[in-house]
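Enquirer: Got a predicted model here, sequence first, then my questions.
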Amino acid sequence: AAIDPAHLGLPEARGHLAQARGQQQAALDAQLAAADDLFERGKWMAPASGNAHQVYRAVLDADPANARARQGLRRLSEGLVAQAQRQMADFEFERARGLIDQAERVDADSPGLGAARARLREVERKHSESIPDPNAAATQQRVIQFLTLDPDNPNSIRSCLRAARENARSVREVISSEMW
């Protein structure tokens, strides 16, 4: 049996449903605008209440398929990874690790997470190899060798001279013969 479209106030119920959906979408749009504003003001994860992460999550709780909220979380995760990269450059490895962990909690599928973790491991490894072991017997000869001739130490005199020579070779035609 078919339902008569005009039966029992069906058109009125449809109107109410459309109105409720419109109000819900307007509320979600307002939340997303607030989340975007918090993001732009740098309130990504803090304060504990009233940050972009919380608002984007609240929108996804109400509408799990909301593309704009998902994109906001992706931008947030990418921003945290970028901050982690800056911390790595400053040899602040624990802070970098914490930021990468936060980024993963925000958006576990963010494309830069795996590369950021790999880069952190690599930078930590290189950094630890470039610093002499403080527990090893530090003889004067080992320290002198490390600071002057060690080819694996990018800051040794030998490495600096090699880099200067390579830089000079790349601009050979513009430097004087005396300098060369």
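Expert: Great, that's in hand. Numbering: from 1, shown residues only.
Enquirer: list the helices and strands the lowest-mean-pLDDT helix or strand in the chain packs on?
Expert: When the helices and strands of the chain are compared on mean pLDDT, DSSP states H and E, helix 140-148 comes out lowest with a mean of 83. Judged by 3 or more C-beta pairs under 8 Å, 6 or more residues apart in numbering; DSSP states H and E, the packing partners of helix 140-148 are helix 157-170. Bear in mind the C-beta positions are built from the backbone N, C-alpha and C, glycine included.
Enquirer: pLDDT of the longest helix along the chain, averaged?
Expert: Criterion DSSP state H: the longest helix present in the chain is helix 10-40. Taken as a whole, helix 10-40 has an average pLDDT of 86.
Enquirer: low pLDDT regions in this protein?
Expert: 1-8, 11, 131-138 (pLDDT under 70).
Enquirer: The residue nearest to the spatial centre of it: helix or strand, and which one exactly?
Expert: Computing the C-alpha centroid of the chain and ranking residues by C-alpha atoms, centre = their mean puts residue 81 first, at 1.3 Å. Using DSSP states H and E, residue 81 sits within helix 67-89.
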